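A.B. asks: my questions concern the predicted model and sequence given below.
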Amino acid sequence: MKTSKRFSFAAIIAIIFAIAWALVTAFPFLFMVFTSIKEQKELFKSSTIFALPKSFYLGNYIEILTGNFVMYFKNSILVCVVGLIILIASASMASYVFSRLKFKINKLIFGIVIACMAIPIHATLIPVFLLTKEVGLYDNPLGLIGPYIAFNLPLSVFILTGFMKGIPVEIEQAADVDGASKVGIFLEIMLPLSVPGLATLAIYNGINMWNEFVYAFVLTSSVKSRTLPLAIWEYQGQYGVNIPMVMTILTLSALPMIIAFVIFQEKLIKGMMAGAVKG
Amino acid sequence: MGVKRRTLENSRKRSTAIVATIFLLPIAFFLIIYIFRSIFYTFQISTLDWNGVSKSNTFIGLDNWKTLISDKTFLSTIKNNIIMVIACLIIQMPIALVLAYLLDWANKRAKFLKSIYFLPLLMSSVAIGFLFKQLFDSQFGLMAVFMKFFIDTPFNLLANDKTAIWAVIGVICWQFVPFYMVYYFAGLTSISTELYEAAIIDGAKRHQYIFRISLPILSDTIKAATIMCIVGSLKYFDLIYVMTEGGPSGTTELMATYMYKSAFTQMKMGYGSTIASAMFIIITVISLVTFKMMHIKEEK
């Protein structure tokens, strides 16, 4: 009796903690969204930052959306879409080899790929910068795609290999008896069965690529080739003290990921969990 | 018959080899070009005196390395990085674990909470950096509102050289707690409910179940998360660069920000590469040592 009482006390503390953390997490977002629909003078006039917006002011959004923002947005989409397609193609091919084909050095190669997860990307920044300049991709959004794929590949292969190992072998064996080639088995059996895993990879890596900063910062220099995280950087310089304007850009650049999250939430969490459990 | 079977086996082996080679080509291309080659060149460039632009560069052997070892700024970046690793471990791991247990316990009732917890993972570090820079503002920020309860004139935590690193650590924890939470939550959901039921039937109390059964099962997940947290904390760049640029007076300067500044602001590619190489060595050694230490503990 005594212990059960003490437990419920602990539970209450835990629930209070859970709600407190939710508030800590949510407040910056609410601040961001509410401030973005305020006029600058409204922010200066009100006595507290907790004040709700008086009206639904869309001026900030209109100003941003009619400016260079569209350019940044286009670049981000381009880098993400092309990057994801190549990443997923390369990752699924490699994962098929690691999860199904039997040859001597298979485990060794897999180990090398996995070891790449621990490499700090900053240690590669200078050579990649020089290489990108050399091949003429400097200040071109396409130049970002290569590094983005390379740095997201190890974890993707790790997750996808785990996923493919979970697919029962019997289906392939049947196809093998029927005389299907390895390539055929990969294209017609493994890929379709891996779609949930591929979707997870797409979302997880999509978020990474969408938000990447260091490489975009170093490999590009002008508006025409920069991605969204740098738009934030540049608008900050331009609008500096105009807090509502800066918050509008933050909201707009986070919006696509938040929408994607709302739609694919379960998939994303499951995917991250798949990676976590096998780790 | 036997010969035929052997040739069949051989041709199978050969086709496996061909398919494997072709299928591994793309990944080999990306990893070799962008990772292996880069690491190699980083070390090579670290022996040069070079601004990265001019065609000519001077080979200076280990001079950059000698400078690095006695470079006070670099040594202080290591110190800052270590503070960050320890603080992040101590703050993030327990909070993430508690939240994961709560989510696991509440199951579907906490769907809304789970979505809220997840939000920071969706934003770029740059955006988070700017958002918090605003919240730390001494005039219009959230922190100012809290500080007014204690002192008359609130100051910007990020601009004070005693508080800046702790303010930054706070933001980093805000950003990464959900990541480890999901990780632990995954570990918890993989423990079968039967185990819990069996424990309860045997008369175990909930806290006994947590400390004696599920935490030990979770130990591998906790170890992996610890390694990720250590390695991650050694690599921080985005947030710090956005919020403080390493200031005030170098108190939040990290290995990565110092490397960036040396190479791309001061255009000392050689010295920047030396810092990058040192980073690579430090991170590799630390991850290997942590990994080994955890394995030894496991064997005992």
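C.D. replies: That came through fine. Numbering: from 1, shown residues only, chains lettered A, B, ... in the order given.

A.B. asks: ok now the biggest helix by length in chain B, how far from the chain's centre?
C.D. replies: The single longest helix within chain B, with elements called by DSSP state H, is helix B:72-106. Going by Cα atoms, centre = their mean, to the nearest Å, the spacing between the C-alpha centre of helix B:72-106 and its chain's C-alpha centre is 10 Å.

A.B. asks: which neighbouring elements make contact with that helix?
C.D. replies: In terms of contact count using 3 or more Cβ pairs under 8 Å, 6 or more residues apart in numbering or on different chains; DSSP states H and E, helix B:72-106 is assigned the packing partners helix A:2-36, helix B:111-118, helix B:164-189, helix B:215-234, helix B:255-260, helix B:269-299. All C-beta spots, glycine's among them, are computed from the backbone N, C-alpha and C.

A.B. asks: try 7 Å this time
C.D. replies: Taking 3 or more Cβ pairs under 7 Å, 6 or more residues apart in numbering or on different chains; DSSP states H and E as contact, the helices and strands that helix B:72-106 lies on are helix A:2-36, helix B:164-189, helix B:215-234, helix B:255-260.

A.B. asks: nearest to residue A:110 among those helices would be which one?
C.D. replies: Closest to residue A:110 of those is helix B:215-234 (Cβ to Cβ; 17.4 Å).

A.B. asks: what about the helix or strand following the closest one and chain A, any contact?
C.D. replies: Per DSSP states H and E, the first helix or strand lying C-terminal to helix B:215-234 is helix B:238-243. Yes. Counting by Cβ under 7 Å from any Cβ of the partner chain, contacts between helix B:238-243 and chain A involve residue B:238.

A.B. asks: the longest helix of chain B versus helix B:164-189: what angle between them?
C.D. replies: Orientation check (axes from the mean of the first three to the mean of the last three Cα atoms, to 10 degrees): helix B:72-106 against helix B:164-189 gives 40 degrees.

A.B. asks: mean confidence for helix B:72-106?
C.D. replies: Helix B:72-106 comes out with an average pLDDT of 92.

A.B. asks: helix B:215-234 and that one, what's the angle between them?
C.D. replies: The directions of helix B:72-106 and helix B:215-234 differ by 150 degrees, with the same axes, to 10 degrees as the criterion.

A.B. asks: now helix B:72-106 and helix A:2-36, what's the angle there?
C.D. replies: Taking the same axes, to 10 degrees, helix B:72-106 and helix A:2-36 form an angle of 120 degrees between their directions.

A.B. asks: so which bits of helix B:72-106 are buried?
C.D. replies: Of the residues in helix B:72-106, those buried under the neighbour-count criterion (16 or more other Cβ atoms under 10 Å in any protein chain shown) are B:74, B:77-78, B:80-81, B:84-85, B:87-88, B:91-93, B:95-105.

A.B. asks: ok, the closest residue to residue B:62 other than its chain neighbours - contacts?
C.D. replies: Nearest non-adjacent residue to residue B:62, counting by Cβ to Cβ, 6 or more residues apart in numbering or on different chains: residue B:47, 7.0 Å away. For residue B:47, the residues meeting the contact criterion (Cβ atoms under 7 Å, 6 or more residues apart in numbering or on different chains) are B:59-62, B:64.

A.B. asks: which among these gets closest to chain A?
C.D. replies: When these are compared for distance to chain A, the smallest value, 12.7 Å, is given by residue B:64; criterion: Cβ to the nearest Cβ.

A.B. asks: now the host helix or strand of the closest one: mean pLDDT?
C.D. replies: Assigned by DSSP H and E, residue B:64 belongs to helix B:63-69. The average pLDDT within helix B:63-69 is 91.

A.B. asks: what packs against that helix?
C.D. replies: Under the contact criterion of 3+ Cβ pairs under 7 Å, 6+ apart, helix B:63-69 touches helix B:269-299.

A.B. asks: quick one: buried residues of the helix it packs on?
C.D. replies: Buried positions in helix B:269-299, judged by neighbour count with 16+ other Cβ under 10 Å: B:269-280, B:283-284, B:286-287, B:294.

A.B. asks: stretch A:246-265 too?
C.D. replies: Buried residues in stretch A:246-265, defined by neighbour count with 16+ other Cβ under 10 Å: A:246-254, A:256-257, A:260-261, A:264.

A.B. asks: and the two most separated of those residues?
C.D. replies: Comparing every pair within those by Cβ to Cβ identifies A:246 and A:264 as the most remote, at 28.3 Å.

A.B. asks: ranges for the helices of the stretch 51-200 of chain A?
C.D. replies: The residue ranges that make up the helices of the stretch 51-200 of chain A, judged by DSSP state H, counting those that start in this stretch, are A:59-65, A:69-100, A:106-115, A:125-134, A:142-165, A:170-177, A:182-185, A:191-193, A:195-211.

A.B. asks: got the end-to-end distance for stretch B:34-48?
C.D. replies: Start-to-end span of stretch B:34-48 (Cα to Cα, to the nearest Å) is 21 Å.

A.B. asks: how about stretch A:129-138?
C.D. replies: When the termini of stretch A:129-138 are compared using Cα to Cα, they are 8 Å apart.

A.B. asks: which parts of that stretch are buried?
C.D. replies: Those buried within stretch A:129-138 under the rule 16+ other Cβ under 10 Å are A:129-132, A:137-138.

A.B. asks: quick one: distance of that stretch to the chain centre.
C.D. replies: If you compare the mean C-alpha spot of stretch A:129-138 with that of the full chain, they lie 25 Å apart, counting by Cα atoms, centre = their mean.

A.B. asks: contact residues of the stretch 101-250 of chain A facing chain B?
C.D. replies: Close to chain B, as judged by Cβ under 7 Å from any Cβ, the stretch 101-250 of chain A has residues A:101-103, A:109, A:113, A:116, A:118-120, A:122-128, A:130, A:146-147, A:149-150, A:153, A:157, A:182-183, A:207, A:211, A:213-214, A:218, A:229, A:232-233, A:236, A:243, A:246, A:250.

A.B. asks: got a PyMOL select line for the buried ones in these?
C.D. replies: Once 16+ other Cβ under 10 Å is used to decide burial, the buried members of these can be selected in PyMOL as follows:
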select buried, chain A and resi 101+109+113+116+118+119+120+122+123+124+125+126+127+128+130+146+147+149+150+153+157+182+207+211+213+214+218+229+232+233+236+243+246+250
